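**Student:** output the structure for:
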Amino acid sequence: MADTKTSSLDSPLIVGIVGKMGVGKDFIGSALATTFREASFPAMMLALADPLKFCAMREDASIKSEDVFGPTKTAAVRQVLQQVGGRERERCGPDVWVQELLATIALHHRRDNALAFIVTDVRFVNEAKALKDAGALLILVNAPIRNATCLDREAAGDEAVRLRISSHCSETESDSPEMKELCEEKIDNDPGCLPPSNADAGLYVIAFKKLASQFPKDTGIAGDAVKQDVSPTIAVVSLSPSGFEF
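**Tutor:** The predicted model follows:
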């Protein structure tokens with residue numbers, strides 16, 4: 001069994017994935033986390049929306065775990081999540097979810113020796129800024145075709161529902177010029193955007209070498225631990241897309 005890396009870093013590596021619904025944020029986050037784990041580098045996937053999903057389940061007994069944590073959501077469930085998230089932001093302040101996330105990251109870094117955290121649902125500018133202040137790297141995922149497909153599926157032909165979902169602030173802020181300025185990397189994730197040699201692998205392109213270079217040599221992540229058959233800024237990860245929302 002490979003040795004698990006440890007580090008004397010005061011703060012863990014945080015990667016925030018930004019993008020609209022259905023663009024492949026969870027899939028890319030899973031691929032990145034897998035890449036770290038295969039290098040024996042403890043990594044965790046987290047989401048800003050995780051705690052609000054539990055809130056929604058407590059408030060509405062008809063909402064089950066698979067409804068909010070599954071690969072797809074109905075328009076009704078998404079509306080409940082947007083309402084709960086917005087209500088708590090108004091009640092407790094706009095940073096309520098990101099402060100809870102950062103506290104969770106600190107806890108798992110200290111208690112479980114996790115060194116990398118992949119946050120798969122950065123949607124608001126204030127949350128992106130808070131993550132940047134904590135040293136995070138932000139990756140923008142752009143996939144208008146996948147986003148439109150997801151919108152069509154959830155709206156099921158109802159244009160009013162489609163407009164309600166697409167115009168919600170959680171969608172519009174993630175695509176704002178200010179958010180794009182905060183992102184250091186961009187992944188174009190629509191069909192046909194991948195290099196031809198990797199088209200059969202599915203997703204993806206991950207800014208792994210750049211992330212690894214931020215760590216001192218004693219982590220064992222830099223240098224030889226990173227795949228050598230990729231460009232200086234990306235690593236290609238091959239995973240089955242089954243079970244992830246696009």
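
**Student:** buried set for stretch 178-186?
**Tutor:** Neighbour-count burial for stretch 178-186 flags 179, 182-183, 185-186 (criterion: 16 or more other C-beta atoms under 10 Å). C-beta coordinates here come from the backbone N, C-alpha and C atoms, glycine included.

**Student:** which of the residues you listed fall within helices?
**Tutor:** Secondary structure from DSSP state H places 179, 182 of these in helices.

**Student:** could you dump the buried residues of stretch 178-186 into TSV and include distance to residue 15?
**Tutor:** Converted to TSV, the buried residues of stretch 178-186 look like this (distance: C-beta to C-beta, whole Å):
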residue	distance to residue 15
179	15
182	13
183	11
185	9
186	14
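
**Student:** and the buried residues of stretch 178-186, which two are furthest apart?
**Tutor:** 179 and 185 (13.2 Å; C-beta to C-beta).

**Student:** what is the mean pLDDT for stretch 73-90?
**Tutor:** Mean pLDDT, stretch 73-90: 86.

**Student:** would you mind extracting the C-alpha trace of it into PDB?
**Tutor:** This file holds the C-alpha atoms of stretch 73-90, laid out as PDB (Å, rounded to 0.1, in the frame of the first residue of the first chain):
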ATOM      1  CA  LYS A  73     -32.600  17.100  -9.300                       C
ATOM      2  CA  THR A  74     -36.100  18.100 -10.100                       C
ATOM      3  CA  ALA A  75     -37.100  21.700 -10.700                       C
ATOM      4  CA  ALA A  76     -39.200  21.600  -7.500                       C
ATOM      5  CA  VAL A  77     -36.300  20.300  -5.400                       C
ATOM      6  CA  ARG A  78     -33.900  22.800  -6.900                       C
ATOM      7  CA  GLN A  79     -36.400  25.600  -6.000                       C
ATOM      8  CA  VAL A  80     -36.500  24.500  -2.400                       C
ATOM      9  CA  LEU A  81     -32.700  24.400  -2.200                       C
ATOM     10  CA  GLN A  82     -32.500  27.900  -3.700                       C
ATOM     11  CA  GLN A  83     -35.100  29.200  -1.200                       C
ATOM     12  CA  VAL A  84     -33.500  27.600   1.800                       C
ATOM     13  CA  GLY A  85     -30.000  28.800   0.800                       C
ATOM     14  CA  GLY A  86     -31.300  32.400   0.100                       C
ATOM     15  CA  ARG A  87     -33.300  32.600   3.300                       C
ATOM     16  CA  GLU A  88     -30.300  31.600   5.500                       C
ATOM     17  CA  ARG A  89     -28.000  34.000   3.600                       C
ATOM     18  CA  GLU A  90     -30.500  36.800   4.400                       C
END
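
**Student:** what do residue 179 and residue 185 both touch?
**Tutor:** Taking C-beta atoms under 8 Å, 6 or more residues apart in numbering as the contact rule, residue 179 and residue 185 both touch residue 140.

**Student:** re the thing from before, tell me which of the buried residues of stretch 178-186 is nearest to residue 142?
**Tutor:** Residue 142 lies nearest to residue 186 out of the buried residues of stretch 178-186, by C-beta to C-beta, at 6.2 Å.

**Student:** okay, now the unreliable bits of the chain?
**Tutor:** 1-10, 194-246 (pLDDT under 70).

**Student:** the strands in it, which residues?
**Tutor:** In the chain, the strands defined using DSSP state E lie at 13-18, 43-46, 116-122, 137-142, 185-188, 205-206, 235-236.
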